[in-house]
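>>> Turn this into a structure:
(one chain, ligands or ions: 1)
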Amino acid sequence: MTTTDMDFGPALNSVLDTVDRWREQGNYPLFPVISEPLGTRARLSDDRIVSVFGSCDYLGLSRHPAVTGAAIDAVRRFGTHCYGTQPVGGFTELHRDLESALATFFDKPAAALFPTGMQANIGVLTTLAGPGDVVLSDQLNHGSISMGGRLSGARLVSFRHNDLADLEAGLVAYAGARRRIIVVDGLFSADGDFAPLAGIADLADRHDALLIVDEAHSGGVVGPHGRGAAELLGVLDRVDVITGTMSKAFASTGGFACGSERVMRMLRHSAGAYLLSLGLVPATVAAALAAVRVATEEGGLLRTRTADNASALRDRLRQAGVNIGASAAHVVLVHIGRIDDTARIATRLLEGGHLVNPLFPPAVPIGGARLRIGVTSAHGKDEIDEAAEAIARALDDA
Ligand SMILES: Cc1ncc(COP(=O)(O)O)c(C=O)c1O
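This is a model prediction of the structure:
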């Protein structure tokens with residue numbers, strides 16, 4: 001048997017058929033090869049310079065001297081590797097300090113580091129939920145949340161996006177479950193809107209449910225101290241566990257959970273998603289640690305810049321008649337609909353010098369393909385005007 005012509009079944013085969021069709025039509029926007037990041041611009045391997053509106057480096061910290069300097073120092077001190085998984089040699093002083101910095105930043109008793117944000121969601125859900133429990137998950141949550149819910153063995157019930165009545169119906173319908181756990185993105189990466197966390201926290205209290213908020217896109221960026229959507233909406237102390245990633249505002253890679261000492265100890269000693277991967281390499285931890293410190297010390301100014309830039313882009317796009325749906329922050333979604341149209345528009349934008357993220361099902365509902373634009377504090381007003389104009393033009397030409 002060979003894998004060359006392997007039949008993966010209709011669903012997966014259609015993925016590669018779609019990719020082949022886009023390639024044949026010259027409409028394949030994925031895997032642009034970056035040869036040199038240049039801040040808000042990047043050089044591609046064919047030497048073209050594109051303006052980057054697909055980055056989650058929302059505070060522009062990936063080039064901050066304190067962040068790059070910390071990563072370089074960590075390579076000099078620790079090399080490029082760590083001895084093992086976190087309990088057996090993969091936990092350096094930097095890991096310890098980052099855990100402590102994240103717990104302080106998010107105002108929770110403790111934190112645990114995961115190799116990725118995806119693994120943080122999976123680790124938290126498989127630890128807090130199990131057979132006999134119900135995980136109530138917003139239908140637009142990040143895929144790693146539904147994956148964690150399914151892997152946990154609990155019943156995974158998805159409720160309509162940001163619909164408190166539908167969430168309450170689920171809480172009532174499963175009142176007999178051993179434990180009910182509500183989990184939402186603080187800021188939805190696929191819709192750009194915030195979860196109605198005050199109402200959700202009230203429902204969690206009323207129905208004695210646990211509340212998990214994934215602050216991947218909001219951590220560091222929103223709220224008076226950058227603590228995320230829960231801080232912005234005044235419910236941080238009512239969230240049981242925060243999950244997040246260092247791959248966005250904290251300018252590195254790796255995931256984390258913040259919550260009670262007991263839950264964090266349980267994650268560190270039992271979660272497969274924590275225990276089955278090597279610890280984060282020290283340089284990525286050092287970069288994230290420096291980024292958390294900068295986000296604490298200089299964050300106010302950077303957050304204001306990001307918010308102003310995002311608001312300018314949303315205004316320009318709306319004025320140009322572009323459908324940005326419920327986008328309310330620095331993650332701006334341009335709704336298109338069909339996957340082929342979305343691939344073609346993203347390709348034309350890339351050819352014209354603008355790198356944005358196309359989102360296709362299952363990351364978004366079928367028929368709901370869209371472009372995601374990440375606005376950062378480092379973007380200039382001219383870049384924002386140019387991007388808005390290019391997007392509006394690409395949609396008109398489509
Ligand atoms: C809401 C959300 N949660 C979790 C993740 C996963 O984070 P990581 O890139 O660290 O795996 C992402 C995406 O990157 C995300 O958008």
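>>> residues contacting the residue nearest in space to the middle of the chain?
By Cα atoms, centre = their mean, the chain has its centre lying nearest to residue 216, at 4.2 Å. For residue 216, the contacting residues are 117, 142, 185, 186, 189, 243, 244, 245, 247, 248, by Cβ atoms under 8 Å, 6 or more residues apart in numbering. To be clear about C-beta, it is placed using only N, CA and C from the backbone, and glycine gets the same treatment.
>>> Pop out the phi and psi values for it.
Phi and psi for residue 216, reported as degrees, to the nearest 10, are phi -50, psi -50.
>>> Show me the domain layout of this structure.
The record assigns the chain these domain ranges, following automatic domain parsing: 22-52+299-397, 64-297.
>>> so can I have TSV of those showing distance to the ligand and mean pLDDT?
Output for the domains of the chain, formatted as TSV (distance: least, Cβ to the nearest ligand atom, whole Å; pLDDT from 0 to 100):
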stretch	distance to the ligand	mean pLDDT
domain 22-52+299-397	9	97
domain 64-297	3	98
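>>> Take these and write them to CSV, including distance to residue 11.
Formatted as CSV, the domains of the chain follow (distance: least, Cβ to Cβ, whole Å):
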stretch, distance to residue 11
domain 22-52+299-397, 10
domain 64-297, 15
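>>> Deepest in the core, which of those domains is it.
A comparison of the domains of the chain by mean neighbour count, using mean count of other Cβ atoms under 10 Å, puts domain 64-297 on top with a mean of 21.
>>> Start and end of it, how far apart?
Using Cα to Cα, to the nearest Å, one end of domain 64-297 lies 13 Å from the other.
>>> got it, and stretch 39-52?
8 Å.
>>> Tell me the gap between that stretch and the middle of its chain.
Per Cα atoms, centre = their mean, to the nearest Å, the displacement of stretch 39-52 from the mean C-alpha position of its chain is 23 Å.
>>> which residues are contacting that stretch?
32-38, 55, 60, 63, 350, 353-355, 376, 378-380, 383, 386-387.
>>> Which element, helix or strand, includes residue 108?
Using DSSP states H and E, residue 108 sits in no helix or strand.
>>> So it sits against residue 242, correct?
Yes. Assessed by Cβ atoms under 8 Å, residue 108 is found in contact with residue 242 at 6.5 Å.
>>> thinking again about what came up before, of the contacts of residue 216, just say which sits nearest to residue 360.
residue 189 (13.6 Å; Cβ to Cβ).
>>> Provide a list of residues in contact with that closest one.
Counting by Cβ under 8 Å, 6+ apart, residue 189 makes contact with 142, 216, 217, 331, 372.
>>> Look up phi and psi at residue 145.
The phi/psi pair for residue 145 (degrees, to the nearest 10) is phi -70, psi -50.
>>> Mind jotting down where the strands sit in the stretch 101-250 of the chain?
Assigned by DSSP state E, counting those that start in this stretch, the strands in the stretch 101-250 of the chain fall at 110-114, 134-138, 155-159, 180-185, 210-214, 241-245.
>>> distance between the second one and the chain's centre?
Read it as strand 134-138. Computed by Cα atoms, centre = their mean, the separation of strand 134-138 from the middle of its chain amounts to 18 Å.
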